[in-house]
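Participant: let's see this in three dimensions:
(one chain, ligands or ions: 2)
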Amino acid sequence: MIEISVDLGPDSYPIAIGHGLAASLPRLLAPLAGRRTVVVSNRLVWSLHGRRVEKALRHLGDFARVLIPDGERHKGRRTLDKVHDAFVKAGLGRDGLVLAFGGGVVGDLAGFAAATYMRGVIWVQLPTTLLAMVDSSVGGKTGINHPRAKNLIGAFHQPKAVIADCAFLDTLPVRQLRSGAYEALKCGLIADRGLFQAMRKAPAGLKGWSRVEIENAVASACGVKVGIVEKDEREDGLRRVLNLGHTLGHALETVTGYRRFTHGEAVGWGLVGAAWIARRRGILPDEGFDLVASAVDHLGPRPRVSDLPGPSILDAVGRDKKVRNGRLSFVLPVDIGRVAVHDDVDRGEVRDALRVMASREARLS
Ligand SMILES: NC(=O)c1ccc[n+]([C@@H]2O[C@H](COP(=O)([O-])OP(=O)(O)OC[C@H]3O[C@@H](n4cnc5c(N)ncnc54)[C@H](O)[C@@H]3O)[C@@H](O)[C@H]2O)c1
Ligand SMILES: [Zn+2]
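Facilitator: Residues are numbered from 1 along each chain as shown. Ligands and ions are numbered 1, 2, ... in the order given. Purely as a prediction, here's the structure:
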């Protein structure tokens, strides 16, 4: 088991990473034993892995369970209501415990439900997707979507522990595995050359990715995110660097109505675009761009971008909250393991990045 501690003063907590950790839940959660517990999960995750968790939780005491419908569109107010209702029905008190057991959707929603119930009850994350293990379960951001905007309603609420049992990933569809892998690659590109190289050396398309390599990648990616979050818990400055690849990535997700790309795939494209802008500006050498683009391609195929309307993507980038004085703010790679924030990117540069992204499509098939 690899353990990473997140040092946030009174809100500090450990992240445990390993295979088969569900069986060790009684030990890992011993400091929280005896609390009334509600597990929040979804039907799919519960049907695949619920038995293991249920068995372990029985050792800790009484618990109730609420299963939410699967999918991003259910990360909203209606589901939140249902989860709060379940807390009331289960008699969850201020000294209760919420256990979020699922991917990022379950984690964000259950965390927000915990943050808002009785002005905040404690919670623990048991992430089951790679994306949740390397990204969404770290950092304490919780929230739900508003019909008009993603993640509009939320709160910072740090969990008491994150237990990443990589054995859950055995049932994850490879496309979802890759989705998390693009985020891990992003972390490497931001601040961990070794992680970047490890992702480049992983088997192409991640078929047959070994357990040890997965655990190490999860630990390294968490390490990068933790290092940044510890310095800037509330996203006042430094934490923005985690948005590398996300300005273009979010735009791709928006113009396709969140249907074409997984989040990580859109971020993968966004990394290629950001690297191209950096290369054009002369802050990233030609070889640096080639390294980034080939590392992204190595992780597997991504849905196409060449048929998407450029002006709509540019508009979506412009609507992004990172826009300042008509110029666009981008996190750009300056080396493998180092980034800089540039607040003066213009639309022409983004248009050129889109052209380059489209031109690389052929290599993917
Ligand atoms: N809070 C943060 O800092 C943060 C950061 C990044 C992303 N997010 C959020 O995370 C969400 C995306 O998370 P996600 O990619 O995990 O999506 P998800 O939670 O929708 O999971 C993807 C799919 O995999 C299924 N699944 C989960 N675990 C499985 C397993 N072990 N085996 C088989 N199938 C499994 C889910 O049921 C779902 O169908 C978004 O809502 C995003 O906004 C939050
Ligand atoms: Zn992301």
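Participant: give the contact list for Ile163.
Facilitator: Under the criterion of CB atoms under 8 Å, 6 or more residues apart in numbering, the contact list for Ile163 reads Ile15, Ala16, Leu21, Ala22, Leu25, Leu28, Val124, Gln125, Leu126. Using the backbone N, CA and C atoms, a C-beta is placed for each residue, glycine as well.
Participant: using TSV, lay out these together with secondary structure.
Facilitator: Formatted as TSV, these follow (DSSP: H, G, I helix; E, B strand; the rest coil):
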residue	secondary structure
Ile15	strand
Ala16	strand
Leu21	helix
Ala22	helix
Leu25	helix
Leu28	helix
Val124	strand
Gln125	strand
Leu126	strand
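Participant: contact residues of the stretch 251-365 of the chain facing ligand 1?
Facilitator: The stretch 251-365 of the chain comes close to ligand 1 at residues His263, as judged by CB under 6 Å from any ligand atom.
Participant: so where's the stretch 251-365 of the chain shaky on pLDDT?
Facilitator: Residues of the stretch 251-365 of the chain meeting the criterion pLDDT under 70: 320-324, 364-365.
Participant: how near is His298 to Asp335?
Facilitator: 19 Å (CB to CB, to the nearest Å).
Participant: just the residues contacting stretch 274-291, thanks.
Facilitator: Contacts of stretch 274-291 (CB under 8 Å, 6+ apart): 200, 244-245, 247-248, 292-293, 330-336, 340, 342, 345, 349-350, 352-353, 356-357.
Participant: which strands and helices sit next to the helix or strand harbouring Glu230?
Facilitator: Per DSSP states H and E, Glu230 falls inside helix 211-231. With contacts defined as 3 or more CB pairs under 8 Å, 6 or more residues apart in numbering; DSSP states H and E, helix 211-231 has these neighbours: strand 2-6, strand 13-18, helix 174-191, helix 193-201.
Participant: parallel or antiparallel, list what pairs with the first one.
Facilitator: Strand 2-6 pairs in its sheet with strand 13-18 (antiparallel), by DSSP bridges.
Participant: would you put the C-alpha positions of the partner strand in PDB?
Facilitator: What follows is strand 13-18, C-alpha atoms only, in PDB (Å, rounded to 0.1, in the frame of the first residue of the first chain):
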ATOM      1  CA  TYR A  13      -6.100  13.500   5.600                       C
ATOM      2  CA  PRO A  14      -4.400  10.400   4.200                       C
ATOM      3  CA  ILE A  15      -4.800   8.900   0.700                       C
ATOM      4  CA  ALA A  16      -4.200   5.100   0.600                       C
ATOM      5  CA  ILE A  17      -3.500   3.500  -2.800                       C
ATOM      6  CA  GLY A  18      -3.200  -0.300  -3.400                       C
END
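Participant: would it count as contacting ligand 1?
Facilitator: No - counting by CB under 6 Å from any ligand atom, no contacts exist between strand 13-18 and ligand 1, the nearest distance being 13.6 Å.
Participant: quick check: buried residues in that strand?
Facilitator: Within strand 13-18, the residues that count as buried by 16 or more other CB atoms under 10 Å are Tyr13, Ile15, Ala16, Ile17, Gly18.
Participant: next one: stretch 198-207
Facilitator: Ala198, Met199, Arg200, Ala202, Leu206.
Participant: cool, stretch 83-90 as well?
Facilitator: By 16+ other CB under 10 Å, the buried positions in stretch 83-90 come out as Val83, His84, Ala86, Phe87, Ala90.
Participant: and it, how far out from the chain's middle?
Facilitator: From the chain centre to the centre of stretch 83-90 is a distance of 27 Å (CA atoms, centre = their mean, to the nearest Å).
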